[in-house]
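Asks: Sequence and predicted structure, then a few things I'm wondering about:
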Amino acid sequence: MAYQSKDLSVLAYANGFTLWHYTTVDSADTVDAGGYFNAASTMLRVGDIIVANVDAAGTLKGGLFLVSSNSAGTVDVNDMTQIGAADTR
């Protein structure tokens, strides 16, 4: 699948920083691929954080992506930092 604008929403905004939420059936690796968020380049700024639910149709994972670059319409995010990687109890 590809980026879907309807699945990106603002959670909070302050001092030029935006905290976003994004949900997708895509894997974290797919979302992390360069250019995945290019269609949102006018909204995303370097340093913004995206709270994400990925692989929503499979084994759901949650985590954080940091917008590491946004230049000339090309957006890159760092690898997802997963939240709650294991459930041992």
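Replies: Everything's here; your move.
Asks: ok now do Asp76, which residues does it touch?
Replies: Contacts for Asp76 were tallied using CB atoms under 8 Å, 6 or more residues apart in numbering; they are 34-35, 67-70. No exception for glycine: its C-beta is placed from N, CA and C like everyone else's.
Asks: who's in contact with Ala33?
Replies: With CB under 8 Å, 6+ apart, Ala33 has no contacts at all.
Asks: what's next to the strand ranked longest in the chain, contact-wise?
Replies: Longest strand of the chain, by residue count under DSSP state E: strand 61-71. Strand 61-71 is contacted from outside by 22, 28, 31-32, 37, 41, 44-55, 75-78, 80-84, using CB under 8 Å, 6+ apart.
Asks: Which ones among the residues you listed lie within strands?
Replies: Of the positions in the contacts of strand 61-71, 22, 49-54, 75-77, 81-83 sit in strands, assigned by DSSP E.
Asks: Now list the buried members of these.
Replies: Among these, the ones that count as buried by 16 or more other CB atoms under 10 Å are 22, 49-50, 52-54, 75-77.
Asks: Can you name the residues bridging to the most centrally placed residue in the chain?
Replies: Central residue of the chain (CA atoms, centre = their mean): Ile50, 4.3 Å from the mean position. Judged by DSSP bridges, the bridge partners of Ile50 are Trp20, Phe65.
Asks: I figured it hits Val77, correct?
Replies: Yes. Counting by CB atoms under 8 Å, Val77 is a contact partner of Ile50 at 6.7 Å.
Asks: Give me the mean pLDDT for stretch 50-67.
Replies: Stretch 50-67 shows a mean pLDDT of 93.
Asks: Just the buried residues of that stretch, please?
Replies: Within stretch 50-67, the residues that count as buried by 16+ other CB under 10 Å are 50, 52-55, 61-65, 67.
Asks: Could you check how far stretch 21-28 is from the centre of its chain?
Replies: 7 Å (CA atoms, centre = their mean, to the nearest Å).
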